[in-house]
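S.K.: Sequence first, then the predicted structure, then my questions.
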Amino acid sequence: LLVDKGNHRHFMAKEIYEQPETISHTLSHYVDMGAEKVAIRETLPFDFADLSRLTMSACGTAYYAGAIAKYWFERFARLPVDIDVASEFRYREPPLEKGGLSLFISQSGETADTLAALRYCAGQGQHVASLVNTLESTIARESGVVFPILCGPEIGVASTKALTAQLTALASLAIAAGRARGVLSAEQEAELVRALTALPSAVSAALGAEAQIIDISKRLSKAKDVLYLGRGAMFPVAMEGALKLKEISYIHAEGYAAGELKHGPIALVDEAMPVIVVAPSDELVDKTLSNMQEVAARGGKIILITDEDGAESVGHGVADIIKIPHVHSFVAPILATIPVQLLAYHTAVFMGTDVDQPRNLAKSVTVE
Ligand code: AGP
């Protein structure tokens, strides 16, 4: 298999820039754009309407994809979701209902802990579904149903396009579940499908903030610690942002639920602490912005990722606002991953690290 970097300096940059096309590709598999409906092509050995719970396990970025999808399945399908990192799930041996559904998310399909979690669930009589990029993988082979993410080979150790592809597929599955469970009407489905189909061009527009992000990343590369905050589905986006920064720039970062700030991490905030707030306008944005003001009042250097409406409601207090297009709040977490990817990438470039092959890391963790 021959994959080259094209005009990009790193595979990671190429993979970030491919996302408008890869998301379109994933969408064309899951969505009938003309009919404004989700169309699942895989034969399902279960019925979403009969499930009392969805159990998800994954590692790293794939885990954050599941953590975001939990908000969708619970909200749009009223389906309770348990999600765990696979390395914890496998040894906890949680009780599972026979005939229930477990879903495993893995770009490579070879992650040892995720595979062990899958085998545990299969042993408990669960329906086993997986969401993978590599269809010839062990996880795919051992699954009752395989949902492909179709983003093409991902070479950079830091996962980027696989995440947005996983999210696009998971969003489609959540809509399908919502319809099957009688939670979403045909009109609501059409509205959510339109939100999904608007994504590729919104992602292209979000990539346009690169020059500003380079400028911010230059300052970020001098930081020792960085805090990422988000609320609701933006909380896992914050954790993903922190993971991406850690793994390729080696700068310590933490992703926190914005509402947890007062319960500890606010003690870290001083003039030297950049705080990245992921808060596109949605039902919860005012709450997150008020957490942000608490950081600002303590001298923390805020970098706010938001849209036009969010930027208007903060006024002039914030020096760095990275704007993403305004999209339906359903797909906003997918779009918000774009600036966090670019921030991590450019910070790592300033640090001079080996972006595609960061120290101590493997693309696929096939041993425990
Ligand atoms: C992401 O940037 C990481 N390199 C890592 O967390 C990765 O997502 C994790 O190891 C899971 O890999 P998988 O999707 O191939 O199972």
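M.R.: Thanks, I have it. Just so it is clear, the structure is predicted and the values come from calculations on it, not from any experiment.
S.K.: Test my guess that Ala140 contacts Thr134.
M.R.: Yes. Under the criterion of CB atoms under 8 Å, Ala140 makes contact with Thr134 at 6.9 Å. Bear in mind the C-beta positions are built from the backbone N, C-alpha and C, glycine included.
S.K.: Grab the nearest non-local neighbour of the residue sitting nearest the centre point of the chain.
M.R.: The centre of the chain sits closest to Ala65, judged by CA atoms, centre = their mean, with a distance of 4.2 Å. Excluding its sequence neighbours, the residue lying closest to Ala65 (CB to CB, 6 or more residues apart in numbering) is Gln166, at 4.0 Å.
S.K.: so what's that neighbour up against?
M.R.: By CB atoms under 8 Å, 6 or more residues apart in numbering, the residues touching Gln166 are 62, 65, 105, 107, 131, 149.
S.K.: in which helix or strand would I find it?
M.R.: Secondary structure assignment for Gln166, by DSSP states H and E: helix 161-180.
S.K.: Quick one: name whatever helix or strand follows that helix.
M.R.: Next along from helix 161-180, by DSSP H and E: helix 186-197.
S.K.: Could I get the average pLDDT for that next one?
M.R.: Regarding helix 186-197, the rounded mean pLDDT is 98.
S.K.: Likewise for stretch 247-254?
M.R.: 97.
S.K.: i'd like the first residue to be 46 from this point on
M.R.: Okay, using 46 as the starting number, the last item reads as stretch 292-299.
S.K.: Buried residues, that stretch. List them.
M.R.: Buried residues in stretch 292-299, counted by 16 or more other CB atoms under 10 Å: 292-294, 296, 298-299.
S.K.: With respect to the ligand, which of these is nearest?
M.R.: Glu292 (5.7 Å; CB to the nearest ligand atom).
S.K.: Which residue, neighbours along the chain excluded, lies closest to Arg137?
M.R.: With CB to CB, 6+ apart, the residue lying closest to Arg137 is Asp129, at 7.5 Å.
S.K.: Next up, the contacts around that neighbour.
M.R.: So Asp129 contacts 101-102, 137, 162 (CB under 8 Å, 6+ apart).
S.K.: how many other residues sit next to Arg264?
M.R.: For Arg264, the neighbour count with other CB atoms under 10 Å is 14.
S.K.: mind checking how far Ser102 is from Thr333?
M.R.: Distance, Ser102 to Thr333, using CB to CB, to the nearest Å: 28 Å.
S.K.: Equivalent analysis for Ser175, please.
M.R.: 33 Å.
S.K.: swap in Leu349?
M.R.: For Leu349, the distance to Thr333 (CB to CB) stands at 9 Å.
S.K.: any residues in contact with both of the two?
M.R.: Residues touching both Leu349 and Thr333 (CB under 8 Å, 6+ apart): 322, 324.
S.K.: Could you pull out the strands in the protein for me?
M.R.: 76-77, 82-83, 99-103, 126-130, 146-151, 172-177, 190-193, 270-275, 297-302, 319-323, 346-351, 365-368 (DSSP state E).
S.K.: For Val400, list the residues it contacts.
M.R.: 55, 57, 201, 203, 293, 390, 393-394.
S.K.: Repeat that for Ile184.
M.R.: Taking CB under 8 Å, 6+ apart as the test, what Ile184 contacts is 149, 151, 154-156, 159-160, 163, 175, 177.
S.K.: and if we set it to 6 Å?
M.R.: By CB atoms under 6 Å, 6 or more residues apart in numbering, Ile184 lies in contact with 149, 151, 154, 160, 175, 177.
S.K.: Now list the buried members of the residues you listed.
M.R.: 149, 151, 154, 160, 175, 177.
S.K.: Filter these to keep only those in contact with the ligand.
M.R.: For the ligand, the contacts drawn from the buried ones among the contacts of Ile184 by CB under 6 Å from any ligand atom are Ser151.
S.K.: Which two of the buried ones among the contacts of Ile184 have the greatest separation?
M.R.: Longest distance between any two of the buried ones among the contacts of Ile184 is 11.1 Å, between Leu160 and Val177; criterion CB to CB.
S.K.: And Phe56, how far from the ligand?
M.R.: For Phe56, the distance to the ligand equals 12 Å [CB to the nearest ligand atom, to the nearest Å].
S.K.: actually Ile311, not the one I wrote
M.R.: Taking CB to the nearest ligand atom, one finds Ile311 at 27 Å from the ligand.
S.K.: Close to the ligand: what parts of the stretch 46-195 of the chain are there?
M.R.: 104-107, 151-153, 156, 159.
S.K.: Which of those residues are buried, as a PyMOL select command?
M.R.: Remark: buried members of these, expressed as a PyMOL selection using 16+ other CB under 10 Å:
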select buried, resi 104+105+106+107+151+152+153+156+159
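S.K.: will you turn the residues of the stretch 46-195 of the chain next to the ligand into JSON lines that also has pLDDT and distance to Ile261?
M.R.: Listed next are these as JSON lines, based on pLDDT from 0 to 100; distance: CB to CB, whole Å:
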{"residue": "Cys104", "pLDDT": "98", "distance to Ile261": "29"}
{"residue": "Gly105", "pLDDT": "98", "distance to Ile261": "25"}
{"residue": "Thr106", "pLDDT": "98", "distance to Ile261": "22"}
{"residue": "Ala107", "pLDDT": "98", "distance to Ile261": "27"}
{"residue": "Ser151", "pLDDT": "98", "distance to Ile261": "32"}
{"residue": "Gln152", "pLDDT": "98", "distance to Ile261": "28"}
{"residue": "Ser153", "pLDDT": "97", "distance to Ile261": "31"}
{"residue": "Thr156", "pLDDT": "97", "distance to Ile261": "32"}
{"residue": "Thr159", "pLDDT": "98", "distance to Ile261": "34"}
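S.K.: How about the closest residue to the ligand within the chain: what's its closest non-neighbour residue?
M.R.: Proximity of the chain to the ligand (CB to the nearest ligand atom) peaks at Gly105, 1.8 Å away. Closest residue to Gly105 apart from its sequence neighbours, by CB to CB, 6+ apart: Leu288 at 6.7 Å.
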